[in-house]
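Colleague: Sequence and computational prediction follow.
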Amino acid sequence: MEIAVRNPRTGIKDYFINAFDKEKISGIVENMRLHQKKWNNQGIDYRVRTMKKWLEVLDVSKDEIIQALTEDTGRYPESVLEYNLLPTTINRWIIWSEEFFSLNKDKNSQVPNIYIKQENIPYSVVGVISPWNFPLLLSIIDTIPALLGGCSVLVKPSEITPRFIKPLQVSIDKVPELHGILQYIEGDGTTGAELIELADIICFTGSVATGRKVYHQCANLFKPCFLELGGKDAAIVLKGADLQKAAKSILWGSIVNCGHSCLSIERVYVHKDIIEEFIILLKSEADKVTLALENPESGQIGPVISERQVAIIDEHLNDALQKGAKIISGERICRLLNGGYYCRPVILTNVNHSMNVMTEETFGPIIPVMAFKDNQEAVHLANDTIFGLSGAVFAGAEAEALEIAQQMHAGAISINECALTAIVHDGEKNSFKMSGIGGSRMGPSSLQRFMKRKAYLINQNKGDSAWWF
């Protein structure tokens, strides 16, 4: 089935993909099962050498991959960042995986004369379904540790941003050792559902609505899955905080990549005594931001990548304004300019939790700011959500910030900064509430997600065992 792909800058459907059907995916999966055994049996040193070999080939394809990402998303700086994080990610996981496999996990049991040998059995085929907001980065975040863990990996990126698949697959195909081990496929939700049916374990990054479907399908198949879903991250600004720093950080954390990030700051709570000063500083910073309208390199905010997201952003703004919110900076709708939809940073005040913009994931450059009277109320407001991905606290004293952060129901809290999980990848964390399920995808322990633990319980007693009849 052919799928037309919209260009986010022009609005024209100028690219086409062919969705892989069940028969084709089934053939790929069976081939991967055959190759995975050798891939795992060759050991970690072989897999590390292969990853390093791929890095060399990737460098040759750098310009083509960045160009494809730029066309996929309509933005340039983030596309360069995505590519540059690829070798960094691979090298980081190489170090962690070498350490992981060097550890001797065998041990004596607490039961006398019993020795335990431990073995990690990797899943044969890992299915990765990745989203459109960071097409490359979020397609590799689970893929690399799974590969180094000894699995084969089949990746289905979003049909909204598929242009990068071809140049990336070209680089993969240039490494013979990766044949039958790593492949990217084109397709939509139907393709993803077929992948779930055929793979042994699923990693999904996307919305809560789609995540529910993935979870339900995996549960029916009794198949493990790891879900990284939406967020409604809160930033709390306490009295004594450096307001200039807080304003700059929160602006970046709210609007980077046009707000298309699960770890975007989507709610800001500021102590009532400092909220007026904070809003003035935030507006001053927001008014400096420019749209990348002329070309992808001409400003800080590119177009809204997904046309469907435009309607959500506009609905959240309209709902808030109807319920009494006020716009301090920005406009009340996304603007259609030269065929693409653009949204300048929108600062909202007079907001409350009856508004969708304070309770549902907006995924756009919208910054609602609400006052709180004391620290207890700030924590209550921050925790009044179905999400629990991450958050931020700004305070004059680190101890005070940590005291608040420890009461927030989210997996990672940045202190005196926003969205540090976009930069810091060695802090192990889980997604709380409906922001996801499964082990940490950050840090060395993430490798264990892709392996089943097996124990050999060896009786070394030469005589009778005490528990026999």
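Modeller: In hand now; what should we look at? Numbering: from 1, shown residues only.
Colleague: Every contact and neighbour count from this point should use C-alpha atoms.
Modeller: Noted.
Colleague: which residues does the spatially closest residue to residue 33 that is not a sequence neighbour contact?
Modeller: Spatial nearest neighbour of residue 33, chain neighbours left out: residue 124 (5.8 Å); criterion: C-alpha to C-alpha, 6 or more residues apart in numbering. Counting by C-alpha atoms under 8 Å, 6 or more residues apart in numbering, residue 124 makes contact with 32-33, 36-37, 151-152, 200.
Colleague: gap between residue 124 and residue 172?
Modeller: Noted for residue 124: a distance of 19 Å to residue 172, by C-alpha to C-alpha, to the nearest Å.
Colleague: likewise residue 23?
Modeller: Separation of residue 23 from residue 172 (C-alpha to C-alpha): 23 Å.
Colleague: In terms of packing, which of the two has more residues around it?
Modeller: Set residue 23 next to residue 172 and count neighbours by other C-alpha atoms under 10 Å: residue 172 wins out with 22 against 10.
Colleague: Just the pLDDT for the more buried one.
Modeller: Reported pLDDT at residue 172 in the predicted model: 98.
Colleague: Against which helices or strands is the helix or strand where it lies packed?
Modeller: Using DSSP states H and E, residue 172 maps to helix 165-173. Secondary-structure packing of helix 165-173 (3 or more C-alpha pairs under 8 Å, 6 or more residues apart in numbering; DSSP states H and E): helix 44-60, helix 62-73, strand 182-184.
Colleague: residues making contact with the second one?
Modeller: Which is helix 62-73. Taking C-alpha under 8 Å, 6+ apart as the rule, helix 62-73 contacts 7-8, 76, 79-80, 83, 133, 135-136, 160-164, 167-168, 296, 303, 305.
Colleague: And the last one, by the same measure?
Modeller: When contacts are defined by C-alpha under 8 Å, 6+ apart, strand 182-184 is touched by residues 147, 152-157, 165, 169, 172.
Colleague: Filter those down to the ones in helices?
Modeller: Counted as lying in helices by DSSP state H, out of the contacts of strand 182-184, are 147, 165, 169, 172.
Colleague: where's residue 120, which helix or strand?
Modeller: Using DSSP H and E, residue 120 sits in strand 114-122.
Colleague: what's in contact with that strand?
Modeller: The contact list for strand 114-122 (C-alpha under 8 Å, 6+ apart) reads 40, 105-109, 149-151, 450-461.
Colleague: average pLDDT for the helix ranked longest in the chain?
Modeller: Across the chain, the longest stretch assigned as helix under DSSP H is helix 77-102. Mean per-residue pLDDT for helix 77-102: 95.
Colleague: what pairs with the very next helix or strand once past it, and is each one parallel or antiparallel?
Modeller: Where DSSP H and E defines the elements, the next helix or strand beyond helix 77-102 is strand 107-108. Paired neighbours of strand 107-108 in the sheet (DSSP bridges): strand 114-122 (antiparallel).
Colleague: With only the CA atoms kept, save stretch 154-173 in PDB.
Modeller: Extracted as PDB, the C-alpha positions of stretch 154-173 are listed here (Å, rounded to 0.1, in the frame of the first residue of the first chain):
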ATOM      1  CA  LEU A 154      13.300  -4.500  13.300                       C
ATOM      2  CA  VAL A 155      12.300  -0.800  13.400                       C
ATOM      3  CA  LYS A 156       9.100   0.800  12.200                       C
ATOM      4  CA  PRO A 157       9.400   4.700  12.300                       C
ATOM      5  CA  SER A 158       6.400   6.900  12.000                       C
ATOM      6  CA  GLU A 159       4.800   7.300   8.500                       C
ATOM      7  CA  ILE A 160       4.800  11.100   9.200                       C
ATOM      8  CA  THR A 161       8.600  11.300   9.100                       C
ATOM      9  CA  PRO A 162       9.900   8.400   7.000                       C
ATOM     10  CA  ARG A 163      12.400  10.100   4.600                       C
ATOM     11  CA  PHE A 164      15.500   9.300   6.800                       C
ATOM     12  CA  ILE A 165      14.800   5.600   6.600                       C
ATOM     13  CA  LYS A 166      16.400   5.100   3.100                       C
ATOM     14  CA  PRO A 167      19.800   6.900   3.700                       C
ATOM     15  CA  LEU A 168      20.100   5.200   7.100                       C
ATOM     16  CA  GLN A 169      19.300   1.800   5.700                       C
ATOM     17  CA  VAL A 170      21.900   2.400   3.000                       C
ATOM     18  CA  SER A 171      24.500   2.800   5.800                       C
ATOM     19  CA  ILE A 172      23.300  -0.400   7.500                       C
ATOM     20  CA  ASP A 173      23.400  -2.400   4.300                       C
END
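Colleague: That'll do, ta.
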